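# need coordinates for the below:
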Amino acid sequence: MKNLIQERFQLPTFPIIQAPMAGTFTPPSFIATVCEAGALGTLGAGYLNPEDLRAQIQEIKKLTQKPFAVNLFIPTPVHLDQKKIEESKKILARYHAELGITAEPKLNWDEKLFEKQFQVVLEEKVPVFSFAFGSLSADKMQTLQAQGVFIIGTATSLEEGLFLEKIGCDAIAAQGAEAGGHRGSFLDGKFPLIPVQELVEQIVDNVQIPVLAAGGIVDGNDVREAKKWGAQGVQVGTAFLVCKESTAAPEFKKRLLTNSSGSTILTKAFSGRWARGVSNRFMQEMKSFEEDLPDYPLQNSLTQVLRKYATEKGLSDFMSLWAGTGVGRLKELSIRELIKQLTA
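This next block holds a predicted model:
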């Protein structure tokens, strides 16, 4: 059977997609190196302001002629619950005091950010666009399609996969329960936790477009298994995060490389939205407050000062250590070594 993704992007091997990781872990040079090594690099741009987004896209274009993807977060309805916001500020203030952080937790988010980011994506004529947390409107889908953009949506259930095919996506990233970082769920306020094999097989059996397996994939054996499930590619995040070229904080990398299998848990503590990461003190102590936290991205904004300080000081107990269940099997390789291992 033809592999549509491999054909479309003229990839030398079974498609490896470097998962979008919003933050400062995968700069343009990293993404370009992924592309030059025969995989599809992705700029995780969910938190970038429009100016930085444009600059990074242009930098990637200077460094490689190969196709690459840009990933954005679709805005979700936000309920400004002042009581929850004030309660979260009080809890966070205690950590600020303990660590000697003088700045207070504060709300700082732009309701129009996605619209501005999306305009940059259109103007820069990005070859591949992927998204999570929601659904693109019909007019945005049509505009991307008119430009010939390859569109990848994120699904955490069969229902979401069917929905993404119906609105016109070219491929589906099937995000299994094992995947690190934020859950891409968007239907009915549910956050399904379906193992990646089961999810991929369910979606493959019911859609006509390519499906990518995402979650817990770190080596060639995992990729071979994904092929058996019917996946036409894999999306790999955590294994790239510990690559030598990754700009993740040293303490973050250390935790990922030294923690054992089973050390990741789901939390809403850092952002107000379910995400998987290596368990730490903040996540454990915030467990009892999780259902009373402000919505994403409000909580994400409130914890920003704490997360930034923790990263600068190397305090891994207060970092959002996003990672999938592949922790315990990771190796610090170069990007090219990792892609070679994945495609062996």
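# find the nearest non-adjacent residue to residue 339, please.
residue 37 (4.7 Å; Cβ to Cβ, 6 or more residues apart in numbering). For every residue, glycine as well, the C-beta is placed using N, CA and C.
# now that neighbour: how far from residue 274?
32 Å (Cβ to Cβ, to the nearest Å).
# could I get the full set of helices for the stretch 151-300 of the chain?
Using DSSP state H, counting those that start in this stretch, the helices of the stretch 151-300 of the chain run over residues 158-167, 196-204, 220-229, 238-241, 250-258, 281-285, 298-302.
# ok, which of these comes nearest residue 31?
In terms of Cβ to Cβ, the element of the helices of the stretch 151-300 of the chain nearest to residue 31 is helix 238-241, at 10.0 Å.
# number of residues surrounding the nearest residue to residue 186 once chain neighbours are set aside?
Leaving aside its sequence neighbours, residue 186 sits nearest to residue 134 (Cβ to Cβ, 6+ apart; 4.5 Å). For residue 134, the neighbour count with other Cβ atoms under 10 Å is 19.
# do residue 331 as well
So residue 331, with other Cβ under 10 Å, has 13 neighbours.
# next, it: phi, psi?
Dihedral pair for residue 331: phi -130, psi 140, per degrees, to the nearest 10.
# now for residue 141, how many residues are close by?
Neighbours of residue 141 (other Cβ under 10 Å): 18.
# any idea how far residue 146 is from residue 183?
Residue 183 is 31 Å from residue 146, by Cβ to Cβ.
# the two: who's more crowded?
Neighbour tally, residue 183 and residue 146, criterion other Cβ under 10 Å: the higher count belongs to residue 183, 21 against 9.
# quick one: low-confidence ranges for the protein?
Flagging of the chain using pLDDT under 70 yields the residue ranges 1.
# what sits against the residue nearest to residue 156 when sequence neighbours are not counted?
In space, residue 156 comes closest to residue 185 once its chain neighbours are excluded; the distance is 4.5 Å by Cβ to Cβ, 6+ apart. Going by Cβ atoms under 8 Å, 6 or more residues apart in numbering, residue 185 touches 133, 156, 157, 160, 191, 192, 274.
# hmm, which of those residues are the buried ones?
133, 156, 157, 160, 191, 192, 274 (16 or more other Cβ atoms under 10 Å).
# among the helices of the stretch 151-300 of the chain, which is nearest residue 78?
helix 298-302 (6.5 Å).
# what packs against the helix or strand just after that closest one?
As assigned by DSSP states H and E, the chain's next helix or strand after helix 298-302 is helix 304-313. Where contact means 3 or more Cβ pairs under 8 Å, 6 or more residues apart in numbering; DSSP states H and E, helix 304-313 is packed against helix 82-99.
# which residues sit against the helix it packs on?
Identification of contacts with helix 82-99 by Cβ under 8 Å, 6+ apart yields 101-105, 107, 282, 286, 289, 292-294, 298-299, 302-303, 305-306, 309-310, 313, 315, 318.
# can you rerun that using 7 Å?
Helix 82-99 is contacted from outside by 104-105, 107, 289, 292-294, 298-299, 302-303, 306, 309, 318, using Cβ atoms under 7 Å, 6 or more residues apart in numbering.
# returning to what we had before: which residues does the residue nearest to residue 186 contact?
For residue 134, the contact set (Cβ under 7 Å, 6+ apart) comprises 74, 75, 76, 186.
# could you dump the residues you listed to a markdown table with distance to residue 331, secondary structure and neighbour count?
Shown next, in a markdown table, are the contacts of residue 134 (distance: Cβ to Cβ, whole Å; DSSP: H, G, I helix; E, B strand; the rest coil; neighbours: other Cβ atoms under 10 Å):
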| residue | distance to residue 331 | secondary structure | neighbour count |
| --- | --- | --- | --- |
| 74 | 34 | coil | 19 |
| 75 | 37 | coil | 14 |
| 76 | 36 | coil | 14 |
| 186 | 33 | coil | 23 |
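# could I get the full set of helices for the stretch 1-150 of the chain?
4-9, 28-36, 50-63, 82-99, 113-123, 138-146.
# of the ones you listed, flag the one that's most buried.
By mean neighbour count, with neighbours taken as mean count of other Cβ atoms under 10 Å, helix 28-36 ranks first of the helices of the stretch 1-150 of the chain at a mean of 22.
# export that helix as CSV, just CAs?
The C-alpha trace of helix 28-36 is given here as CSV (Å, rounded to 0.1, in the frame of the first residue of the first chain):
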residue,chain,number,x,y,z
PRO,A,28,14.6,26.9,14.1
SER,A,29,18.1,25.3,13.8
PHE,A,30,16.7,22.1,15.5
ILE,A,31,13.7,21.9,13.2
ALA,A,32,15.8,22.4,10.1
THR,A,33,18.2,19.7,11.2
VAL,A,34,15.2,17.3,11.7
CYS,A,35,14.1,18.1,8.1
GLU,A,36,17.5,17.7,6.6
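# out of the helices of the stretch 1-150 of the chain, which is closest to residue 333?
Short answer: helix 28-36, nearest of the helices of the stretch 1-150 of the chain by Cβ to Cβ, at 12.4 Å.
# what's that closest one packed up against?
Applying 3 or more Cβ pairs under 7 Å, 6 or more residues apart in numbering; DSSP states H and E, we find helix 28-36 packed against helix 50-63.
# let's see that with 10 Å instead.
If you count contacts as 3 or more Cβ pairs under 10 Å, 6 or more residues apart in numbering; DSSP states H and E, helix 28-36 packs onto strand 16-18, strand 42-44, helix 50-63, strand 69-73, helix 238-241, helix 335-342.
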